[in-house]
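Q: Here is the input, now give the coordinates:
(one chain, ligands or ions: 1)
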Amino acid sequence: MNDTTAEPPKKSWWQRLTGGLKRTSGALGTAVADLVTKRKLDRAMLDDIEDVLLRADLGTEVSVRIADAVGKGRYDKAISADEVKDVVAIEVEKVLSPVAKPLEIDAAKQPFVILVVGVNGSGKTTTIGKLAAKFSAEGRKVMLAAGDTFRAAAIEQLKVWGERTKSPVIAGAQGSDSASLAFTALTAAKEQQRDVLLIDTAGRLQNKSELMNELEKVVRVIKKVDAAAPHAVLLVLDATVGQNALSQVEAFHRTAGVTGLVMTKLDGTARGGILVALSEKHKLPVHFIGVGEGVEDLAPFAAKDFAKAIAGIEA
Ligand SMILES: Nc1nc2c(ncn2[C@@H]2O[C@H](COP(=O)(O)OP(=O)(O)OP(=O)(O)O)[C@@H](O)[C@H]2O)c(=O)[nH]1
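A: Numbers count the residues shown, from 1 in each chain. Down below sits the predicted model:
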């Protein structure tokens, strides 16, 4: 007899990743398959392939490079969609391998201070919650600071994550000064010997200079307590904003000295190639990617897996 109450089997990370990137890989795969049928490879086909890659937001440099690599030794020959996908995966991996770096928590720094920045809705608070869950599971003592003092919901959301992960949350009233909250949190984290302090910040638009100034102030104040902190500044980027992500990196890097990236919502776009364009341009470490809303949907970034998944290659 079938047990209808049984939970569906848990998905592996590979299934989540390929499932999450399906919109990008699907669009790419269909377009490439249409291009290569009943044609021999020529310059026009390579231009078309380049266009397909540009539409997935891989950026000009990488798209041209991939098209050139596809063309090498194949002119006037029939080519299969799988051959093209293989080249895409190889070239994308070359771009991503140097930036795929784990977020290392230096246990000698107590607390290891992680400042989390990014525009509204990029997934900062959720990412902090997921990281708190991960660090707690590793046996680290975590503290959370609700530095997004503009948004009452963000404070509440962080408190929920605090309860879930049994991590104390330092929060002020809505509208209170985020720099002084960061100061209070870091002082408390030192006193209570927490291993990791995750500081949330308000969503800041790069064209709002007063907000950028405030972010600078948060960093300045943190340094008053510990000159070496923050030890990591994570920029959380929403993949669905496409090319806008490139300018966000520039603005936040200038202001807060971003040390690594987290890209969320890769499941919500057919243009997941933006992570490749961004890696080619800025070469900042990519620590984690998100392909869904669940805790298990945020995972360390692995270049080869991502390259294969985006090219639509089966495991
Ligand atoms: N589909 C999908 N949704 C995500 C992912 N990561 C986060 N989200 C959702 O995105 C929404 C915004 O996330 P928040 O964490 O509130 O974003 P935030 O950057 O803290 O936003 P503010 O507090 O407004 O600055 C939430 O509904 C999350 O569940 C992801 O990888 N995939």
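
Q: can we go C-alpha only for contacts and neighbour counts from here?
A: OK.

Q: Buried by neighbour count: which residues of stretch 116-125 qualify?
A: Under the neighbour-count criterion of 16 or more other C-alpha atoms under 10 Å, stretch 116-125 has Val116, Val117, Gly118, Val119, Asn120, Ser122, Gly123, Lys124, Thr125 buried.

Q: and Asp305, what does it touch?
A: Counting by C-alpha atoms under 8 Å, 6 or more residues apart in numbering, Asp305 touches Trp14.

Q: So which bits of the stretch 151-300 of the chain are right by the ligand?
A: Counting by C-alpha under 6 Å from any ligand atom, the residues of the stretch 151-300 of the chain close to the ligand are Ala154, Ala202, Gly203, Thr264, Lys265, Asp267, Gly268, Gly290, Val291, Gly292, Glu293.

Q: residues touching the first one, list them.
A: Same thing as Ala154. Ala154 touches Thr125, Ala146, Asp148, counting by C-alpha under 8 Å, 6+ apart.

Q: which SSE is it in?
A: If you go by DSSP states H and E, Ala154 is part of helix 152-165.

Q: What about the buried residues of stretch 116-125, which are in strands?
A: Counting by DSSP state E, these place Val116, Val117 in strands.

Q: Tell me the one of the buried residues of stretch 116-125 nearest Lys40?
A: Among the buried residues of stretch 116-125, Ser122 lies closest to Lys40 (C-alpha to C-alpha), at 43.3 Å.

Q: show me the contacts for the residue lying closest to that closest one once chain neighbours are set aside.
A: Counting by C-alpha to C-alpha, 6 or more residues apart in numbering, Asp238 is the residue found nearest to Ser122 once chain neighbours are left out, at 4.7 Å. Asp238 is in contact with Gly121, Ser122, Gly123, Ala245, Met263, Thr264, Lys265, Leu266, counting by C-alpha under 8 Å, 6+ apart.

Q: redo that, cut-off 6 Å
A: Going by C-alpha atoms under 6 Å, 6 or more residues apart in numbering, Asp238 touches Ser122, Met263, Thr264, Lys265.

Q: Which parts of the chain are strands?
A: Using DSSP E, the strands of the chain run over 112-117, 142-145, 169-170, 196-200, 232-238, 260-264, 286-290, 298-300.

Q: Show me which residues of the stretch 1-150 of the chain are close to the ligand?
A: Val119, Asn120, Gly121, Ser122, Gly123, Lys124, Thr125, Thr126.

Q: now with 8 Å?
A: Within the stretch 1-150 of the chain, the positions lying close to the ligand (C-alpha under 8 Å from any ligand atom) are Gly118, Val119, Asn120, Gly121, Ser122, Gly123, Lys124, Thr125, Thr126, Thr127, Ile128, Asp148.

Q: now those as JSON lines including pLDDT?
A: Formatted as JSON lines, those follow (pLDDT from 0 to 100):
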{"residue": "Gly118", "pLDDT": "93"}
{"residue": "Val119", "pLDDT": "90"}
{"residue": "Asn120", "pLDDT": "87"}
{"residue": "Gly121", "pLDDT": "90"}
{"residue": "Ser122", "pLDDT": "93"}
{"residue": "Gly123", "pLDDT": "93"}
{"residue": "Lys124", "pLDDT": "94"}
{"residue": "Thr125", "pLDDT": "93"}
{"residue": "Thr126", "pLDDT": "92"}
{"residue": "Thr127", "pLDDT": "95"}
{"residue": "Ile128", "pLDDT": "96"}
{"residue": "Asp148", "pLDDT": "88"}
